[in-house]
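In: Have a look at this prediction, sequence included:
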Amino acid sequence: MIEIRNLTKRFGDVVAVDDLTFTVRPGTVTGFLGPNGAGKTTTMRSILGIDRPTSGSATVAGRHYSELPRPMRQVGSLLDARAVHPARKARDHLLWLARSNGIPARRVGEVLETVGLEGVGGKRSRGFSLGMEQRLGIAAALLGDPPILMLDEPVNGLDPEGIVWIRTLLRSLADEGRTIFISSHLMSEMSLTADHLIVIGRGRLIADTSLPDFIKQHSTPSVLVRTPNPSELATLLKDRGAGTTESERETLVVTDLDSAEIFGVAVANDIVLYELTPRQVSLEEAFMELTREEVEYR
Ligand SMILES: Nc1ncnc2c1ncn2[C@@H]1O[C@H](COP(=O)(O)OP(=O)(O)OP(=O)(O)O)[C@@H](O)[C@H]1O
């Protein structure tokens, strides 16, 4: 469990995090979302004790990170995949981390295999692609077999196969009961990975909700209808309380009635339908709408 209570972090005049309160729970993948500059990295740095809060607190498993006796066994984290020394071989980097944290050396081979880098463990990270660096960073986070995992933009630099891989990995880690906290500014990716969302803008909390509830709250379902008689159908549907927009020739976008009801009206009035497609505003659009006011740089 990660608990953020009234966390505020100022850098001079800049309020990076503003009275933020939320809890990240075990057994779920929690997505941490916000536009660029919203304060995600600062929050994660505060959780790891790298940034000292101006006020409020951030605790993991009930303690400040600096008070954890064996931090890598409690919280695995990846903030900056490029932080590995370029001249160090992948396996040596992990061995050094394992040794300095009282983690058995056998874990190194295990995590290299988990992230698909077993073939390049003897290579220096200098030649690694950003995707391979991300995998090495995730291997380091997993080294202590921690119950809590916190990753800043973990899909950054991964190719489509890598993105599916990390999605599957995070899901299985959450299913084992771990607390998984991942940041992103990509709503579309989060919608496939996360169960729960924490959304911030300008350092403030704007949503703390399950993914299905977020979809429900921030999207208006509609039905796309193609018919040779759009005006006639629109009039009939409006009589039943629907909202209709004629988007292009022979096409209506209908809100407030579902496809079955629209079909029923069309059949009862001998109106031919070419198409009847339920549509949902994409999560990306919903997110953009929700955070429009909160974007720091446009
Ligand atoms: N060390 C620092 N000194 C001054 N300002 C900082 C510092 N670190 C962050 N900031 C500012 O705090 C705000 C939040 O930054 P932060 O990096 O936490 O946002 P973010 O949500 O992680 O953004 P991104 O998606 O771009 O990584 C920004 O205005 C940023 O410029």
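Out: Good, I have the coordinates. Numbers count the residues shown, from 1 in each chain.
In: list the contacts for the residue of the stretch 151-298 of the chain found nearest the ligand?
Out: Residue of the stretch 151-298 of the chain nearest the ligand, by CB to the nearest ligand atom: His185 (4.8 Å). No exception for glycine: its C-beta is placed from N, CA and C like everyone else's. Residues near His185 by CB atoms under 8 Å, 6 or more residues apart in numbering: Leu33, Gly34, Pro35, Asn36, Ala38, Lys40, Glu153.
In: try Pro278
Out: Pro221, Ser222, Val223, Asp258, Ser259.
In: Let me see the backbone angles for it.
Out: With angles defined as degrees, to the nearest 10, Pro278 sits at phi -60, psi 140.
In: repeat for Arg52
Out: Taking degrees, to the nearest 10 as the convention, Arg52 sits at phi -90, psi 120.
In: repeat for the one 4 residues further on
Out: Phi and psi for Gly56, reported as degrees, to the nearest 10, are phi 80, psi -170.
In: Could I get the contacting residues of it?
Out: Ile4, Arg5, Asn6, Leu7, Thr8, Asp19, Leu20, Thr21.
In: next one: Val111
Out: Val111 touches Leu94, Ala139, Ala140, Leu142, Leu143, counting by CB under 8 Å, 6+ apart.
In: name the element it belongs to?
Out: Secondary structure assignment for Val111, by DSSP states H and E: helix 106-114.
In: same deal with Val17?
Out: Following DSSP H and E, one finds Val17 within strand 14-24.
In: Show me what counts as buried in that strand.
Out: Using 16 or more other CB atoms under 10 Å as the test for burial, strand 14-24 gives Val15, Ala16, Val17, Asp18, Leu20, Phe22, Val24.
In: buried sites along stretch 126-143?
Out: For stretch 126-143, the buried set under the neighbour-count rule, 16+ other CB under 10 Å, comprises 128, 131-143.
In: what's in contact with it?
Out: The contact list for stretch 126-143 (CB under 8 Å, 6+ apart) reads 72, 76-78, 80-84, 86-87, 90, 93-94, 97-98, 101, 103, 107-108, 111-112, 114-117, 120, 125, 149-151, 154-159, 162, 166, 169.
In: Strands of the chain, start to end?
Out: Assigned by DSSP state E, the strands in the chain fall at 2-11, 14-24, 29-33, 55-60, 75-78, 148-152, 179-184, 196-201, 204-210, 222-226, 243-248, 251-255, 275-279.
In: Mean pLDDT added to the ones you listed, as JSON lines?
Out: Below are those laid out as JSON lines (pLDDT from 0 to 100):
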{"stretch": "strand 2-11", "mean pLDDT": "96"}
{"stretch": "strand 14-24", "mean pLDDT": "96"}
{"stretch": "strand 29-33", "mean pLDDT": "95"}
{"stretch": "strand 55-60", "mean pLDDT": "95"}
{"stretch": "strand 75-78", "mean pLDDT": "93"}
{"stretch": "strand 148-152", "mean pLDDT": "95"}
{"stretch": "strand 179-184", "mean pLDDT": "94"}
{"stretch": "strand 196-201", "mean pLDDT": "92"}
{"stretch": "strand 204-210", "mean pLDDT": "92"}
{"stretch": "strand 222-226", "mean pLDDT": "93"}
{"stretch": "strand 243-248", "mean pLDDT": "86"}
{"stretch": "strand 251-255", "mean pLDDT": "93"}
{"stretch": "strand 275-279", "mean pLDDT": "91"}
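In: and Phe263, which of the ones you listed is closest to it?
Out: Closest approach to Phe263 among these (CB to CB): strand 275-279, 6.1 Å.
In: Sheet partners, orientation included, of the closest one?
Out: In the sheet, strand 275-279 lines up against strand 222-226 (antiparallel) (DSSP bridges).
In: residue ranges with poor pLDDT in the stretch 151-298 of the chain?
Out: Within the stretch 151-298 of the chain, the stretches with pLDDT under 70 are 281-283, 292-298.
In: at 90 instead, please
Out: 153-166, 184-193, 201-202, 206, 211-222, 246-249, 278-298 (pLDDT under 90).
In: Show me which residues of the stretch 51-200 of the chain sit near the ligand.
Out: Counting by CB under 6 Å from any ligand atom, the residues of the stretch 51-200 of the chain lying close to the ligand are His185.
In: What ranges does the stretch 51-200 of the chain have for its helices?
Out: 71-74, 90-100, 106-114, 130-142, 160-175, 187-193 (DSSP state H, counting those that start in this stretch).
In: next one: the shortest one to chain centre, how far?
Out: Put plainly, it is helix 71-74. When distances are taken as CA atoms, centre = their mean, to the nearest Å, helix 71-74 is centred 23 Å away from the chain's centroid.
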